[in-house]
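Asks: for reference, the sequence and a predicted model appear below.
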Amino acid sequence: MDLIERLKRIRSALYVPGSNSRALQKVRGLDADMLIIDLEDAVAEEDKEAARIEAVAATREGYAGKLVALRVNGTASRHHLADMEVAAKAAVDVIVLPKVEQAGQLGGLGRSVIAMIETPAGLYSAREISAHRACAALIAGTNDIVAETGICPGPQRQGLELALQTIVLAAAASGKAAFDGVYNALDDLSGLEDECLQGRCYGFAGKTLIHPGQIGIANAAFSPSPEELAEAYELVAAATGGAQRFRGRMIESMHVDAARRTIERAAKSHASGSK
């Protein structure tokens, strides 16, 4: 399975500070589908070089069964070139690039990239960014979108809907996955569950996370429920081709294809990081 298809199976993507050697070891035993080793926001200015060294060592030791990404500092940062030198040495599957505003920023990096859409300019260019040959997926940088636009989201993220759907649609137009932004309230697990379910409803493949305690909720929310899986099996078994009646509604080939994707996602979700 190629990288783009593997990313569509990712339910949980956990940011891990590259400067925290203890965390880099601990996450090996966690159930996150993908790890994003962070050299950007999670690392203090004075710790950048140490984080690069830790990231190389940790990834070379390996994270069996997980996709591993490295978030570098953005192309406008003075740390970007040094981070990219480290990316060439680290054993990672993909680079996460923050604050992407133009598709041209992805060219010349020499790696597959998950592009973070975090600014108004990035939102307007999201379709072209997603369509770039180096782009493997998109991440919604919701905290930065709020800061950059002045949006004051409501309890159900009212005000952010257009930005979130723009990112999902841009990714879908290129056949790629989009990942929802982080949930900041670490102790509000009920709120996290609601936001994960909302994100799945919007079309996100999974959610980016900032704490290990959020992993289980994200994995459950972005996996087919037993009821969804049972209905998918029944629909596929009942399909005879063309339009027909199923459980009081009309179905056709697109519904059968969707049911098969549900079955496939359920089967592969726990092996999402396997090579």
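Replies: Arrived safely, thanks for sending.
Asks: now do the contacts for residue 246.
Replies: 235, 238-239, 255 (Cβ atoms under 8 Å, 6 or more residues apart in numbering). For glycine as for every other residue, the C-beta is placed from the backbone atoms N, C-alpha and C.
Asks: surely residue 172 touches residue 202?
Replies: No. Residue 172 is beyond contact range of residue 202, at 11.0 Å (criterion: Cβ atoms under 8 Å).
Asks: who's more crowded, these two?
Replies: For residue 172 versus residue 202, neighbours defined as other Cβ atoms under 10 Å are more numerous around residue 202 (18 against 14).
Asks: tell me who's in contact with the more buried one.
Replies: Applying Cβ under 8 Å, 6+ apart, the residues contacting residue 202 are 161, 164-165, 168, 180.
Asks: what of residue 82?
Replies: Taking Cβ under 8 Å, 6+ apart as the test, what residue 82 contacts is 48-49, 52.
Asks: take these and keep only those in helices.
Replies: Of the positions in these, 48-49, 52 sit in helices, assigned by DSSP state H.
Asks: those residues, buried ones only, as a ChimeraX selection?
Replies: Only the buried entries of these go into this ChimeraX selection, using 16 or more other Cβ atoms under 10 Å:
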select :48,52
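Asks: would you turn the contacts of residue 82 into CSV with pLDDT and distance to residue 227?
Replies: Shown next, in CSV, are the contacts of residue 82 (pLDDT from 0 to 100; distance: Cβ to Cβ, whole Å):
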residue, pLDDT, distance to residue 227
48, 96, 47
49, 95, 51
52, 96, 46
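Asks: now, which of those sits nearest residue 13?
Replies: Closest approach between the contacts of residue 82 and residue 13, by Cβ to Cβ: residue 52, at 20.7 Å.
Asks: does the closest one touch residue 18 like I think?
Replies: Yes. Using Cβ under 8 Å, residue 52 is in contact with residue 18, at 7.0 Å.
Asks: next, show the common contact partners of those two.
Replies: Contacts common to residue 52 and residue 18, judged by Cβ under 8 Å, 6+ apart, are residue 39.
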